[in-house]
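*Asks:* For reference, the sequence and a predicted model appear below.
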Amino acid sequence: SATSTPPTSQQRAYFTIEGESYPADQWTNTPDTILSHVGRRLYLDDNHPLAITRKLIESQFPNPVFGNYSEKTPVVTTAQNFDVLGFPPDHPGRSRTDTYYVNEKTVLRTHTSAHQQAYFQQINRNEQTRPEEVGYTVIADVYRRDAIDRSHYPVFHQMEGAMLWKRPSPDPLAHSSATAAKIMADLDKLPRHDVGVEDPNPTIHPERNPLQAEHHSAEEVEAVGAHLKRSLENMVIRIFTEASKAAAASAGTPTEQEPLKVRWVEAYFPFTSPSWELEVFWQGDWLEILGCGVIKQELLINSDVPNRMGWAFGLGIERIAMLLFNIPDIRLFWSRDERFLSQFRAGQIARFEPFSKHPACYKDVAFWLPPAAVTGGKSAAGGAVPFHENDVMEIVRGIGGDLVEDVALIDEFTHPKTSRKSMCYRINYRSLERTLTNEETNGLHDQVREKLVGLLGVELR
Ligand code: FA5
Ligand code: MG
């Protein structure tokens with residue numbers, strides 16, 4: 001749905017994305033290869049693993065308490081993506097090395113939290129017509145300039161959820177016991193489970209995980225935290241039970257399953273406090289599934305619901321789908337290959353059978369950073385920009401696209417005399433669909449080398 005225009009995004013005068021036009025400027029760093037992913041809406045293809053995963057999670061957050069939504073256009077303002085959520089001006093997430101800017105004031109959303117304010121405002125607007133709907137889930141494509149490997153792709157999907165409780169008085173701390181009691185009563189209605197949960201930290205920690213003391217009582221936050229944790233534990237337990245069943249079915253015999261374990265870890269997000277991450281022990285590792293917390297009251301005040309409080313969470317759909325279906329490479333979600341697509345059916349969780357494993361082709365590129373980058377010097381007017389690894393990734397992505405499986409820094413050293421810094425990256429060229437020829441990979445690699453010099457000013461070794 002992006003228009004076809006000049007070769008590099010920097011040369012554009014404007015973008016058309018999902019029928020809307022946006023002027024480009026010096027902030028623009030969104031290439032056509034990224035825009036080509038806009039509009040697939042994989043999460044709406046009933047037989048696609050992302051849609052099957054969406055439905056499974058939505059079923060844990062049902063109507064009428066939760067409305068289940070999706071967001072079509074990925075273009076949001078920097079206000080929506082950052083400011084409203086309380087991201088400080090110098091937060092690294094705002095950097096052009098991390099985020100795809102359409103222009104100075106407009107980005108491809110980096111998370112579904114960009115829509116929190118709009119959904120809180122909707123809860124307020126629907127107060128008379130749909131009073132029971134005090135929560136939502138929303139799924140959408142999100143975009144990040146990031147590493148390249150089998151679990152990272154510049155476009156992925158998040159689902160966000162939130163639930164609010166109305167407080168009886170506009171005075172934030174009046175009747176807080178009544179609010180806490182109401183939340184605890186709702187907690188009592190949630191299903192219980194007998195899975196082992198590690199949760200060693202106190203709900204509130206004065207430095208690491210503070211109470212919003214001017215707005216909330218500790219009693220309320222204990223109640224919201226307990227409701228949040230049980231809701232999300234129930235959701236991941238359902239998912240991992242399905243995943244275990246699928247694994248056992250594909251093994252043919254009942255396999256010895258390790259009992260499911262989850263744990264809560266303290267976290268930080270600018271728009272929640274206290275905040276946590278939920279991890280699951282899966283195939284020998286603790287795996288981060290989601291981030292969550294008690295919503296910052298300033299955000300609710302700024303979103304027309306000053307007299308409500310509640311929780312929010314955000315999770316990566318691919319990460320969950322990869323373990324539900326045993327999908328080994330995140331690029332596969334974008335495949336149009338029938339050998340991939342034909343393996344999935346709405347409502348069914350079954351193990352993916354890899355249809356091919358083509359040979360890997362490793363190529364290294366080593367270079368000296370330009371002097372300004374060595375010192376990490378600020379990009380003074382006209383000076384070199386500090387080196388950022390995501391820029392290497394972006395160059396490789398622009399040239400290799402889905403033919404690159406992995407990019408890894410394999411060596412890094414500083415020359416003892418000149419203090420110049422040298423980096424060596426290993427690129428793994430491997431298609432999911434066919435065997436690449438030597439000529440083809442050499443051609444791609446030469447282009448990568450050229451662009452590294454041309455765009456980053458490095459000196460090849
Ligand atoms: C966030 O994006 C927050 N907006 C989450 C949140 C929402 C917190 C609401 C509190 C309240 P984070 O960057 O950690 O946080 O990403 C959330 C989840 O997205 C991660 O736990 C992970 O499951 C997934 N995720 C993050 N980066 C990637 C990636 N590059 N590829 C695939 N999944 C990812
Ligand atoms: Mg995280």
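*Replies:* Structure received. Ligands and ions are numbered 1, 2, ... in the order given.
*Asks:* With adjacent residues omitted, what lies nearest to residue 163?
*Replies:* residue 135 (3.6 Å; Cβ to Cβ, 6 or more residues apart in numbering). Where C-beta positions appear, they are placed from N, C-alpha and C, glycine not excepted.
*Asks:* Let me see the contact set for that neighbour.
*Replies:* Contacts for residue 135 (Cβ atoms under 8 Å, 6 or more residues apart in numbering) come out as 61, 65-67, 161-164, 310.
*Asks:* Name the residues that touch stretch 215-231?
*Replies:* Under Cβ under 8 Å, 6+ apart, the answer for stretch 215-231 is 60-61, 163, 165, 172-173, 176-177, 179-181, 183-184, 186-187, 190, 192, 197, 199, 203-204, 211-212, 264, 274, 276, 292-294, 297, 309-311, 313.
*Asks:* avg pLDDT for stretch 394-413?
*Replies:* Taken as a whole, stretch 394-413 has a mean pLDDT of 96.
*Asks:* wait, I meant stretch 189-203
*Replies:* pLDDT averaged over stretch 189-203 gives 96.
*Asks:* ok, now stretch 306-324?
*Replies:* Per-residue scores along stretch 306-324 average to 96.
*Asks:* near ligand 1 at all, it?
*Replies:* Yes: contact of stretch 306-324 with ligand 1 (Cβ under 6 Å from any ligand atom) involves 312-316, 318-319.
*Asks:* circling back to that earlier point, write a PyMOL command that selects only the buried members of the contacts of stretch 215-231.
*Replies:* To isolate the buried members of the contacts of stretch 215-231 in PyMOL, using 16 or more other Cβ atoms under 10 Å:
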select buried, resi 60+61+163+165+172+176+179+180+183+186+187+203+204+211+212+264+274+276+292+293+294+297+309+310+311+313
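*Asks:* From the contacts of stretch 215-231, which land in strands?
*Replies:* Within the contacts of stretch 215-231, residues falling in strands by DSSP state E are 163, 165, 197, 264, 274, 276, 292-294, 309-311, 313.
*Asks:* Dump those residues to JSON lines, plus distance to residue 108.
*Replies:* Formatted as JSON lines, these follow (distance: Cβ to Cβ, whole Å):
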{"residue": "163", "distance to residue 108": "27"}
{"residue": "165", "distance to residue 108": "33"}
{"residue": "197", "distance to residue 108": "36"}
{"residue": "264", "distance to residue 108": "31"}
{"residue": "274", "distance to residue 108": "30"}
{"residue": "276", "distance to residue 108": "27"}
{"residue": "292", "distance to residue 108": "23"}
{"residue": "293", "distance to residue 108": "24"}
{"residue": "294", "distance to residue 108": "28"}
{"residue": "309", "distance to residue 108": "31"}
{"residue": "310", "distance to residue 108": "27"}
{"residue": "311", "distance to residue 108": "26"}
{"residue": "313", "distance to residue 108": "22"}
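*Asks:* just checking, residue 195 touches residue 244?
*Replies:* No: between residue 195 and residue 244 there is no contact under Cβ atoms under 8 Å: 11.7 Å.
*Asks:* what sits in contact with each of the two?
*Replies:* Common neighbours of residue 195 and residue 244 (Cβ under 8 Å, 6+ apart) are residue 260.
*Asks:* Now do residue 164 against ligand 1, distance only.
*Replies:* 13 Å (Cβ to the nearest ligand atom, to the nearest Å).
*Asks:* so residue 56 touches residue 240, yeah?
*Replies:* No: using Cβ under 8 Å, residue 56 is not in contact with residue 240, being 11.1 Å away.
*Asks:* So which of those two has more stuff around it?
*Replies:* residue 240 (23 against 18; other Cβ atoms under 10 Å).
*Asks:* my read is that one is in a strand, agree?
*Replies:* No: counting by DSSP: H, G, I helix; E, B strand; the rest coil, residue 240 falls outside a strand, being helix.
*Asks:* okay, the residue of the stretch 151-300 of the chain found nearest ligand 1: pLDDT?
*Replies:* Nearest residue of the stretch 151-300 of the chain to ligand 1, counting by Cβ to the nearest ligand atom: residue 291, 3.5 Å away. For residue 291, the pLDDT comes out at 98.
*Asks:* and it, what does it touch?
*Replies:* So residue 291 contacts 267, 269, 275-277, 313-315 (Cβ under 8 Å, 6+ apart).
*Asks:* try 10 Å this time
*Replies:* Counting by Cβ atoms under 10 Å, 6 or more residues apart in numbering, residue 291 touches 111, 113, 160, 265, 267-269, 272, 275-278, 312-316.
*Asks:* repeat for residue 426
*Replies:* Contacts of residue 426 by Cβ under 10 Å, 6+ apart are 362-366, 406-411.
*Asks:* Any regions of the stretch 151-300 of the chain where pLDDT drops low?
*Replies:* The stretch 151-300 of the chain contains residues with pLDDT under 70 at 253-257.
*Asks:* on that earlier part again, shared neighbours, residue 56 and residue 240?
*Replies:* Contacts common to residue 56 and residue 240, judged by Cβ under 10 Å, 6+ apart, are 320, 324.
*Asks:* Tell me, how many residues neighbour residue 354?
*Replies:* Residue 354: 15 neighbours (other Cβ under 10 Å).
*Asks:* And the pLDDT for the residue lying closest to it once chain neighbours are set aside?
*Replies:* Nearest residue to residue 354 in three dimensions, chain neighbours excluded: residue 328, at 6.5 Å (Cβ to Cβ, 6+ apart). At residue 328, the model reports a pLDDT of 92.
*Asks:* show me what contacts residue 208?
*Replies:* The contact partners of residue 208, by Cβ under 10 Å, 6+ apart, come to 201-202, 266-268, 274-275.
*Asks:* out of those residues, which are buried?
*Replies:* Buried among those (16+ other Cβ under 10 Å): 267, 274-275.
*Asks:* That'll do, ta.
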